[in-house]
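Asks: Provided below are the primary sequence and the corresponding predicted coordinates.
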Amino acid sequence: MRPLKVYNVIPRLPGELAPLWELAFNFWFSWKHEISELFSRIDYQLWHKSGQNPVKFLNLLPKETLEDLAGDEFFRDRLHQVKASLDNYKASTKTSFEFEKSGGEPVVAYFSAEYGISLSLPIYSGGLGVLAGDHLKSASDLNLPLVAVGMCYQNGYFRQYLTNDGWQQERYPVNDFEQMPLTLVRNKDGSPLTVQVDLVERKVSMRVWKANIGRIDLYLLDTNISENEPQDREITAQLYGGDWEMRIKQEIVLGIGGLRAMHAMDLNPRVIHMNEGHSAFAGLERIKLFMQDHGMSFEAATELVASSSVFTTHTPVPAGNDRFAPDLMHKYFEPYARELGLAFKVFMALGREDPRDDQEHFCMTVLALRLSRFNNGVSQLHGTVSRNMWKKVWPQYPVDDVPIGAITNGIHITTWIAPDMSYLFDRYLGSDWREDPDCQRVWKQSQAIPDSELWRTHERLRERLVDYVRYRLKEQTVARGGRRSELHLAEEALDPSALTIGFARRFATYKRANLLLTDVKRLLEIVNHEKYPVQFIFAGKAHPKDVEGKKIIQQIVQHAREADLSHRLVFLEDYDMEIASYMLQGCDVWLNNPKRPLEACGTSGMKAVANGVLNFSTLDGWWDEAYTTDNRYGWAIGMGESYSDQEYQDLVESHYLYNVLEKEIVPTFYDRRHGSLPTEWVRKMKNGLRDLAPQFSSHRMVEDYVETAYLPAYKNFMALEKNNFEKAKSLADWRMELMTKWGSVQIRNVRAAAEDELYAGDEITVSAEIDVNGLSTEDIQVEIYAGDVDMDGSFLSRKTVLMQQKKKLDDGWILYEGKLETFETGRFGYTVRILPYHSLLLDPHCLGLIHWA
Ligand SMILES: *Cc1c(COP(=O)(O)O)cnc(C)c1O
C-alpha cells in the first residue's frame, strides 16, 4: 500500500535562526568554509550523517538544539556575520568584463550533462562534472553574466561497494530533491513551471529545479513527474545509465528541453557554451527558434547560432564520443529535420565526418563542431590531439589549421583547498588569494611561508587523511560483514608518517590504475623498506558496463588483502568529492599514469598542487604543460614517448615508475638532515604554489573563455542580430554565393625572388596571380604558407603571411605579393593558398573552403 500523497514536514526555525535557511539554499557553503563550519559545529556527527547537505541537516536537527541555538548570543552573532558576508557577496557588482548592452541579464548559457558542485548534490560522475562545477563557481566569483543548465538525476551516478572478492557492485540511492538545496521553479500563479519536448509522437514534460551557486543560477531538468509515461519518468533517473536510446532521449531533454526552459523562464542568452557534445542538440533548437520566430532561412540561422556558440570537447578516446545509429536518429529526428526544412540525409550530414557516407553514425561531437565557431580542447596537448582526431570534418586542411583551439582546465582553489592550508595562506598571502586566485604576484608570497609551518600543516593533513582512511575502511568492512580481525586491520591501516601516495579517479582502462602492480616483487621491496616505507591509497569507480575496469579494481583489492601489502595498500570504496578532498589534501604525492595522450587534461593533480602535494605523472594532459625536466614541481613517468605495443609500453613505464620512486621520490622525502624537515621537498611544494596554483586556477580558465570565446561570440551575435538580423542574413547569402563560385577561383605563377640556397634570416618576396572569377577580392585572403619540411616534403611546422594585392593584370588576373622571412636553417618550403574572407567571419577556416597553389 502506498500513501496517496507524501508531504515533507519542514521544521519551524525560530525567527532568530531564519538566516540559516538562506545559507543552506546557496551552494556558496561548498567553497566558503565559514558557512559549512557554522553547520558542522552545531552537530558534527549529524552534519556528516546528512551527507554535508545543509537542508537535510536543518530538517534533522532536534527542536531542543534549535531552541538552544536561538538563545545563544554568540551563535546568533556568528550567524549574522556569515549571513552578512553572503549578502555582500551576492550584492557585489564588481566585474572586469564588459558585455555591452546586456543590461545585467545572463549572456552565456552553459550546458553540461553533469555538475560536481558539492557532495550533497550527487549529479556528477567524474572530472567533466567537477570541472563544470568549478566553472560555475569561478563564474560566480568573477560576476560573469552566466546561467547554467543540467539534469536533476533521481539516482545520480551509482554508488560503489565491493563484494568479498573485490567485485564492484552498484547501488542507486534515491535523491530526495525536496530535502536538498534546490527550489522548484514556478509560474507566476504558483504552479510548477514545465516545458515539453517531443519524443516520437508523444510529449515529455519536465519541471525545473534551481540551485544557487553563489551568484549563478543552475537549472536542473527533471522528467520524473506524474504527467509522463513511466518510461519517460526514467529519462532523468541515472547519469550515464541505460542504452543508446536512453542516451538520445536524455540528450534531447538536455539540449532541446534545456533551451526551451531558458525561454520559458524569459531568459534570452546570446551565447551558448556546450560543455562536451551531450548538449549539442541545443544548437539545432536555437536554429529552429530563429527560423520560427524571425523568419530566417536555415542558413542564416545557422550562421547566427554557430557564430555565437562555444564548444568544449573533452574526449580523446573515440568510444567516449556519443554516436547514434542512423535508424535511431531517424526515429527521433525525422520530423525535426522536416521542421528545419532539411532532407533527412542533409540533416544527418550535420553529425557525420563524411557527409556522403549513409552508414556513418551521427556523432554529437561533429554536430557541436559544425554548430560552433569557438571549439577547444582542454589542454594544449589535447588541442593538438583533437585537431588530429576531427580533421576529417575539415577536409583539405592541414591539421594545424583545423579550427579547434585549446583552453587548459583549471580548478576552483577555494573549493579544493584544505581549511588548515587556507588559514596559512591567509596569514602569508593575505586574503587576496581568495579573491584573485590567478594572480601571480599574490602567489609569489608563498615563498614567505616558513618551511616548518608549511610542512607541519601538511603533516597534519596527512594524519587527518590516515584517520579518515581508517574510518572508511572500518565502515566498509562492517558493511561487508568482515571478520573481527579485518576490523583490527582497518583500525591500524597505514602509517601517519610514511610517504603516502594517492591514486583516485575513474577506473577507465586507459588510466591504468594497475600499472603499479606490474612487478609486485619490486613493489614489495619499495613499500616495505625498513627505514623508508611507502604506502598507497586507491579509490575510484568503473563504469557499470566496464568489465575490464572492474577487473582492475578487483586486482588492486586482492593485493590490498595480502598480508605483505595490506598495511601499505588500501582501496577506499565509493570515490566521491569527499574522498577526493581528503586524499588531495593529505597525500604527499599524487600519482597519475594514463596512457598518453588519452587523458584530455586531468584536473585532480591541480587540486593537489594547491594543497602542496607533488605530482608524479605521465606527460599527458595538463602535466605535459606543467612539468619541467629539472623536476621543479614533481616527477614524470617517461618522456612523453608513444609506443605501438601496449604491453611493452606498460612494461617500460612501470620500470620508470619504480625507478623514479626509488631513486628520487623516496630519498627526497626522507632526507631530514635539516632540522627534521625535507628541505628539497618543501621547496618543490612552494614552487608549485608560486607558479602552478595561479596558472591552473579556474579563474584563469574562465577568463580565457571570456576573452577568446564569450566576448567575441557575444559581439558577433549583437552585430548579426542588428536590424532584424540583417547581417546574419547577408552573411548567409555571402556564404551561399561563395560556395557556388569558390570552385572557379584559380592561382597561377607562384614565384619567389630568391636563389635555391638561402641564408638564415633572409627575406624573400613571394608573388602569385589570382583569378577571382566572379567573386570580389574582398571575399578572399591570400596567404604564403611556409615552414620546415621533412624528407618526404611534408610541412612539419607552419607560419602564414598575408599577401597584398599589387595590381590588376591585363587579362583580369590580380597580382599578390608578400614578404617572407626564412627560418633558422635546414629544409624549408612554402606554398600559397586562398581562404574566404568576411569581416564577420570569425575564422577563415571554419567554412572548409580553401585553394592551394
Ligand atoms: C577532480 C576530480 C576528478 C577529475 O580528476 P582526474 O584527474 O581528471 O581524474 C574526478 N572525480 C572527482 C571526485 C574529482 O574531484
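Replies: Ah, there it is. Model, not experiment: these values are computed from the prediction.

Asks: Quote the end-to-end distance of stretch 15-27.
Replies: With Cα to Cα, to the nearest Å as the measure, the ends of stretch 15-27 fall 22 Å from one another.

Asks: residues in contact with it?
Replies: Identification of contacts with stretch 15-27 by Cβ atoms under 8 Å, 6 or more residues apart in numbering yields 13, 29, 35, 38-39, 54-55, 57-58, 66, 69-70, 76, 79-80, 82-83, 86, 117-118, 121, 181, 183, 211-214. In this view, the C-beta of every residue, glycine as well, is placed from N, C-alpha and C.

Asks: Now do the buried residues in it.
Replies: Residues of stretch 15-27 classed as buried by neighbour count (16 or more other Cβ atoms under 10 Å): 16, 17, 19, 20, 23, 24, 25, 26, 27.

Asks: Show me which of the contacts of stretch 15-27 are buried.
Replies: Here, 16+ other Cβ under 10 Å leaves 13, 29, 35, 38-39, 54-55, 57-58, 66, 69, 79, 82-83, 86, 117-118, 121, 181, 211-214 buried among the contacts of stretch 15-27.

Asks: where are the low-confidence patches of this structure?
Replies: Applying pLDDT under 70 to the chain picks out residues 1-2, 6-11, 755-756, 823-825.

Asks: Flag every residue of it that's near the ligand.
Replies: 126, 127, 130, 505, 576, 577, 580, 602, 603, 604, 605, 607 (Cβ under 6 Å from any ligand atom).

Asks: what about 8 Å?
Replies: 116, 124-127, 129-131, 411, 416, 504-506, 511, 575-577, 579-581, 584, 592, 599, 601-605, 607, 621 (Cβ under 8 Å from any ligand atom).

Asks: So residue 22, which state does it fall into?
Replies: Of the three states, residue 22 takes helix under DSSP: H, G, I helix; E, B strand; the rest coil.

Asks: Could you give the number of residues near residue 758?
Replies: Close neighbours of residue 758, defined as other Cβ atoms under 10 Å, add up to 15.

Asks: now do residue 778
Replies: Neighbours around residue 778, by other Cβ under 10 Å: 11.

Asks: excluding its backbone neighbours, what's nearest it?
Replies: residue 837 (7.0 Å; Cβ to Cβ, 6 or more residues apart in numbering).

Asks: Can you get me a residue count around residue 714?
Replies: 24.

Asks: the strands in the stretch 151-300 of the chain, which residues?
Replies: Residue ranges of the strands in the stretch 151-300 of the chain, as given by DSSP state E, counting those that start in this stretch, are 159-162, 168-171, 183-184, 194-199, 202-213, 216-222, 271-275.

Asks: Buried ones in the second one, by neighbour count?
Replies: It stands for strand 168-171. Neighbour counts over strand 168-171 (16+ other Cβ under 10 Å) mark 168, 170 as buried.

Asks: Just the CA coordinates for it, please, in PDB.
Replies: C-alpha atoms of strand 168-171 as PDB (Å, rounded to 0.1, in the frame of the first residue of the first chain):
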ATOM      1  CA  GLN A 168      32.300  -3.800  -7.900                       C
ATOM      2  CA  GLN A 169      28.600  -3.700  -7.200                       C
ATOM      3  CA  GLU A 170      26.300  -0.700  -7.800                       C
ATOM      4  CA  ARG A 171      23.700   0.900  -5.700                       C
END
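
Asks: That strand pairs with which strands?
Replies: strand 159-162 (antiparallel) (DSSP bridges).

Asks: Also the longest one?
Replies: Looking at strand 202-213 with DSSP bridges, its partner strands are strand 183-184 (antiparallel), strand 194-199 (antiparallel), strand 216-222 (antiparallel).

Asks: buried stuff in that strand?
Replies: Result for strand 202-213 [16+ other Cβ under 10 Å]: buried residues 204, 205, 206, 207, 208, 209, 210, 211, 212, 213.
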